[in-house]
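In: sequence and predicted structure, then a few things I'm wondering about:
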Amino acid sequence: MSGHSKFANIKHKKEKNDAAKGKIFTIIGREIAVAVKEGGPDPANNFKLAAVIAKAKANNMPNDTIERGIKKAAGDSGSVNYENITYEGYGPNGIAIIVKTLTDNKNRTAADVRSAFTKGNGSMGTPGCVSFMFDEKGQIIVDKEECDMDADDLMMTALDAGAEDFNEEEDSYEILTAPDDFQAVYDALAQAGIPMVSSEVTMLPQTYVELTDEAALKSLQKTLDLLDENDDVQAVYHNWDE
């Protein structure tokens, strides 16, 4: 059990408000398109697509929207080709930041990400410069208020399905899996009727860094806000202890 709220701190979440919810759908739509092109339209035979569908459902994307996205990607050979590119760098006081993007213009995206780091008094680094400080994990968050199952029963359900760890936070439960086991655990929880606030394969920092200097806090927030506003940015992970 853990007392540190990873749900609040693992990354700067785009879905902070209603305006961002529409952007989440756009982001997931791109991920669906890429997953279908790489592995086909059948989630049973395409783990990446299955994971994106799980993420879409956790963000309350309507089923018909998901299905339309899959059909469009499967039948539209002339659609825009997106490329996954990950950038790494440092914010104020050495805060580690990972930026995952999906872009149709590498030069534009690289310039925009570099600008976000620079304007926040940080710097973009080389591939691998901070990723070693993070672990890739499947992460499922369950809201305590929405879950009728006892904590011990929920933990056993998750562990029996292949989860690696179960943490109880103040207002939620966190279930961690290896990336390859994420889908099996998600399916087991869904079949058990467990309501999931968030479910995705993410990057968890091994340690967190506190910021107490007001100027540094403002600089870091500026970088995170600029990245949030960029349509090419799919996710931002950092080790700031908010």
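Out: That came in fine, so what should we check first?
In: phi and psi next, for residue 157.
Out: Dihedral pair for residue 157: phi -60, psi -40, per degrees, to the nearest 10.
In: so how many other residues sit close to it?
Out: The tally of other residues near residue 157 (other C-beta atoms under 10 Å) stands at 19. Every C-beta, even on glycine, is put in place using the N, C-alpha and C of the backbone.
In: how near is the residue nearest to it when sequence neighbours are not counted to residue 133?
Out: Spatial nearest neighbour of residue 157, excluding adjacent residues (C-beta to C-beta, 6 or more residues apart in numbering): residue 192 at 5.6 Å. Separation of residue 192 from residue 133 (C-beta to C-beta, to the nearest Å) stands at 34 Å.
In: who has more neighbours, these two?
Out: residue 133 (17 against 13).
In: show me the contacts for the residue nearest to that one when sequence neighbours are not counted.
Out: Spatial nearest neighbour of residue 133, excluding adjacent residues (C-beta to C-beta, 6+ apart): residue 96 at 5.1 Å. By C-beta atoms under 8 Å, 6 or more residues apart in numbering, residue 96 lies in contact with 88, 90, 130, 133, 134, 205, 209, 238, 239.
In: any idea which helix is longest in the protein?
Out: Secondary structure assigned by DSSP state H gives helix 18-39 as the longest helix of the chain.
In: ok, residues contacting that one?
Out: With C-beta under 8 Å, 6+ apart, helix 18-39 has contacts from 14-15, 45-49, 51-53, 55-56, 59, 61, 65-66, 69-70, 72-74, 79, 81-82, 84, 102, 228, 231, 234.
In: and the buried ones among those residues, selectable in ChimeraX?
Out: The buried subset of the contacts of helix 18-39, as determined by 16 or more other C-beta atoms under 10 Å, is captured in ChimeraX by this line:
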select :14,15,46,48,49,51,52,53,55,56,59,61,66,69,70,73,82,102,228,234
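In: I'd like the next helix or strand past the helix or strand hosting residue 87.
Out: Secondary structure assignment for residue 87, by DSSP states H and E: strand 83-90. Next along the chain after strand 83-90, taking DSSP H and E as the criterion, comes strand 96-103.
In: tell me the secondary structure for the residue positioned nearest the centre of the chain?
Out: Against the mean C-alpha coordinate of the chain, by C-alpha atoms, centre = their mean, the closest residue is residue 202 at 4.9 Å. Residue 202 falls in the strand class when you classify it by DSSP: H, G, I helix; E, B strand; the rest coil.
In: show the backbone phi and psi for residue 206.
Out: phi -80, psi -30.
In: please disregard the earlier target; I meant residue 139.
Out: The phi and psi values for residue 139, taken as degrees, to the nearest 10, are phi -130, psi 130.
In: would you map the helices across this structure?
Out: Secondary structure of the chain (DSSP H): helices at 6-9, 18-39, 47-58, 63-75, 106-119, 151-160, 182-191, 214-229.
In: can you say which of those helices is packed in most?
Out: With neighbours taken as mean count of other C-beta atoms under 10 Å, the helices of the chain reach their highest mean count in helix 47-58, at a mean of 21.
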